[in-house]
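1. Predicted model and sequence below, questions to follow.
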Amino acid sequence: MDSAPKTPVRTRFAPSPTGPFSVGNARTALFAWLYARRNGGTFLLRIEDTDMERSKPEYEEQIRDSLAWLGLNWDETPLRQSERRAVYEKYIKKLLEEKKAYFCFCSEEELEADRTAQLSQGLAPKYGGRCRSLTDEESARRAALEPHVIRFRMPQGSISFTDLIRGEVTFEADIIGDFIIAKDERTPLYNFAVVIDDEESAVTHVVRGEDHLSNTPRQIALQKALGFGTPVYAHLPLLLDAERQKLSKRRAQTSLLAYRHEGYLADAMFNFLLLLGWHPEGDEIVGRDEALKRFDLSRVQKAGAVWSDEKLSWMNAHYIRAMETSALLTELASFVPKAWQEKKELLAKAVGIEKERMKTLADFASRAGFFFELPDYPPDMLFWDEKPDESKENIRALHAALEETLTFTPEFLTATLEARAKETGKGAAYWPFRVALSGEQSSPGGIEIALALGREETLRRLEIAIEKVEA
Ligand code: GLU
């Protein structure tokens, strides 16, 4: 095992319920979950809903549904940040009392002017320090009258940490400057609330997206100021689209549950997400149990991980094919019209045949209609190439041969079709037979379909075909 942590591992997944649960969220949750489970540790869920305006109960529900769908179970009761204001207040006051934080009264205009001045001098913008040295009296007097925020007094020097994926990372505190930690004593911002919660939940490993990398020095500085320890960090590579741009909501389908509704299997999604940054030795098909044995943060790449719809759909087709038909029937329940479900035996047969070809669960309903309803197709579709007469003759001959006997086995059907093929060529025998049964340009083979439909229905469809060509 890579880092063989000494203490019991505690990881957390800390989504904000401010939008649809994205595939990026899912990848982060998966890696944090796997790391905990792989090391016999604890996986925590924390709802980061400090942004009251943008946080919505339906998004929180999506978080829970998404994790449940992927099978990422969490331990302990999730913390909800909106319920922890009193806790944050205690720590914000402590920092204010110790003068590690201070009230800032700067207006938007003042801050903007500072920014412009810094940029014009070729400096990276940061807080200029106007309120840094106000006396206690002045601060208290103005706090009672003026709008303000609370800033952290960022210590000088550099901040380094060893990231499990990125290795040694160093930031200069000077570039960061005094950042805002709270709107007021009861309203912390993200960086502050995270530090308190990670400490109080005794989180040992923070596994999260690379977009948070620049927050880490801020969080470490806060931990030091509060006398907390620092967890181990692992920043996962960015997700990129096919053009190697950051995977964005505008350019790609990023809601996890939308994939579920399109008929992707949780196991396929699990395996696909796993490969977004982690590389197994050998085969890329790595199921849940295998992942729990093999997952390792040291095999996670630094470079961006490319999302590929083709690969996901290949993966999904693989998992569909590998499934027992009975299990697949259960997964298909919400994708199949009621009327088809009533024809249980036929449905099982159709699923058994189509599972070799389906890419998604939704594919089944669009591919398999002809098993359940009489196909509708133009008569000339029955004619193979330049052989309309032979095609016609074969439909009649096949019908006659099948009507003559009750034998309806693969061997009998093959022999009958082969006998016709000998006379007229393969195409003129097999094509009209398959089209008469399916009405489709492409479908599973005629014999497979006939066996699923049964003798009577096969005869009926051949009779309809005869009527069509004679009309
Ligand atoms: N709430 C943050 C987000 O949804 C995650 C914070 C973290 O993992 O530290 O991006």
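-> Yep, that arrived. These numbers were taken from a predicted model, which means no experiment stands behind them. Numbers count the residues shown, from 1 in each chain.
2. list the buried ones in the host helix or strand of residue 291?
-> Using DSSP states H and E, residue 291 sits in helix 288-294. Using 16 or more other CB atoms under 10 Å as the test for burial, helix 288-294 gives 291, 294. To be clear about C-beta, it is placed using only N, CA and C from the backbone, and glycine gets the same treatment.
3. Off-centre distance for the very next helix or strand once past that helix?
-> Downstream of helix 288-294, the next assigned helix or strand under DSSP H and E is strand 305-306. Computed by CA atoms, centre = their mean, to the nearest Å, the chain-centroid distance of strand 305-306 equals 13 Å.
4. I'd like the mean pLDDT over strand 305-306, please.
-> Strand 305-306 comes out with an average pLDDT of 96.
5. Tell me which other helices or strands the next helix or strand after it touches.
-> Next in sequence after strand 305-306, counting helices and strands by DSSP H and E, comes helix 309-322. Applying 3 or more CB pairs under 8 Å, 6 or more residues apart in numbering; DSSP states H and E, we find helix 309-322 packed against helix 266-274.
6. Could I get the buried residue list for the helix it packs on?
-> The neighbour-count check on helix 266-274 (16+ other CB under 10 Å) flags 266-274 as buried.
7. again, but for stretch 206-217
-> By 16+ other CB under 10 Å, the buried positions in stretch 206-217 come out as 206-210, 212-213, 215-217.
8. Check stretch 366-380 too.
-> So for stretch 366-380, counting by 16+ other CB under 10 Å, buried means 367-372, 375, 377.
9. and the next element down the chain from the helix or strand bottoming out on mean pLDDT in the chain?
-> Least confident helix or strand of the chain, by mean pLDDT, DSSP states H and E, is helix 173-176 with a mean of 91. Downstream of helix 173-176, the first helix or strand assigned by DSSP H and E is strand 180-184.
10. Touching that following strand from outside, list them.
-> Contact with strand 180-184 is made by 88, 92, 95, 101, 104, 148-152, 188-189, 191-192, 222, as judged by CB atoms under 8 Å, 6 or more residues apart in numbering.
11. Closest one to the ligand out of those residues, please.
-> Among the contacts of strand 180-184, residue 191 lies closest to the ligand (CB to the nearest ligand atom), at 8.8 Å.
12. what pLDDT does the closest one get?
-> Residue 191 carries a pLDDT value of 97.
13. State the next helix or strand along the chain beyond the helix or strand containing it.
-> Assigned by DSSP H and E, residue 191 falls within helix 190-200. Next along the chain after helix 190-200, taking DSSP H and E as the criterion, comes strand 205-209.
14. Beyond that next one, next helix or strand please.
-> Following strand 205-209 in sequence, per DSSP H and E, is helix 216-226.
15. Could you check that following helix and say which residues are buried?
-> Buried residues in helix 216-226, counted by 16+ other CB under 10 Å: 216-223, 225-226.
16. Show residues contacting that helix.
-> 91, 94-95, 98, 100, 152, 154-155, 159, 161, 169, 171, 173, 176, 179, 181, 191-192, 194-196, 198-199, 228-230, 233, 235.
17. 6 Å - rerun?
-> With contact meaning CB atoms under 6 Å, 6 or more residues apart in numbering, helix 216-226 is reached by 100, 154, 159, 171, 179, 191, 195, 230, 233.
18. Phi first, then psi, for the third one.
-> Yep, that's residue 159 we're talking about. For residue 159, the backbone dihedrals (degrees, to the nearest 10) come out as phi -120, psi 120.
19. Does it have any beta-bridge partners, and if so which?
-> residue 171 (DSSP bridges).
20. related to what we said a few turns ago, show only the entries of the contacts of strand 180-184 found in strands.
-> In this view, the contacts of strand 180-184 that belong to strands under DSSP state E are 101, 104, 149-152, 188.
21. By neighbours, which of those residues wins?
-> Highest neighbour count within the ones in strands among the contacts of strand 180-184: residue 188, with 27 neighbours (other CB atoms under 10 Å).
22. Might you report the residue contacts of residue 281?
-> So residue 281 contacts nothing (CB under 6 Å, 6+ apart).
23. Now with 10 Å, please.
-> Contacts of residue 281 were listed using CB atoms under 10 Å, 6 or more residues apart in numbering, and they are 294, 299.
24. ditto for residue 148
-> For residue 148, the contact set (CB under 10 Å, 6+ apart) comprises 102-106, 131, 139, 142, 183-184.
25. Please apply the same query to residue 132.
-> Residue 132 makes contact with 102, 104, 151, 153, 177-178, according to CB under 10 Å, 6+ apart.
26. Could you do residue 351 as well?
-> So residue 351 contacts 320, 323, 325-326, 328-329, 331-332, 336, 358, 364, 368, 371, 452 (CB under 10 Å, 6+ apart).
27. tell me what the host helix or strand of residue 11 is packed against?
-> In the assignment (DSSP H and E), residue 11 maps to strand 10-13. Using 3 or more CB pairs under 10 Å, 6 or more residues apart in numbering; DSSP states H and E, the elements in contact with strand 10-13 are helix 23-38, strand 42-47, helix 190-200, strand 205-209.
28. Any residue of that strand touching the ligand?
-> No - residues of strand 10-13 are not located near the ligand by CB under 6 Å from any ligand atom, the shortest gap being 7.4 Å.
29. Give me the distance from stretch 119-137 to the chain's centre.
-> In terms of CA atoms, centre = their mean, the centre of stretch 119-137 is found 42 Å from the chain centre.
30. Need the distance between the two termini of that stretch.
-> End-to-end distance for stretch 119-137: 33 Å, by CA to CA, to the nearest Å.
31. Repeat that for stretch 140-151.
-> 15 Å.
32. next one: stretch 445-459
-> Terminal residues of stretch 445-459 lie 16 Å apart, using CA to CA.
33. Flag every buried residue along that stretch.
-> Buried, per 16+ other CB under 10 Å, within stretch 445-459: 445-453, 457-459.
34. Quick check: residues of the stretch 51-200 of the chain near the ligand?
-> Selection of the stretch 51-200 of the chain residues close to the ligand by CB under 6 Å from any ligand atom yields residue 194.
35. Tell me where the stretch 51-200 of the chain is predicted with low confidence.
-> Along the stretch 51-200 of the chain, no part satisfies pLDDT under 70.
36. Can you show me the helices along it?
-> Along the stretch 51-200 of the chain, counting by DSSP state H, counting those that start in this stretch, helices occupy 57-70, 85-97, 108-120, 136-145, 173-176, 190-200.
37. Of all those helices, which one comes closest to residue 385?
-> Smallest distance to residue 385 across these (CB to CB): 48.0 Å, for helix 57-70.
38. Identify the residue of the stretch 201-350 of the chain closest to the ligand, quick one.
-> In the stretch 201-350 of the chain, the residue that lies nearest the ligand is residue 208 (3.7 Å; CB to the nearest ligand atom).
39. I'd guessed that residue sits against residue 234; true?
-> Yes - counting by CB atoms under 10 Å, residue 208 touches residue 234, with 7.8 Å between them.
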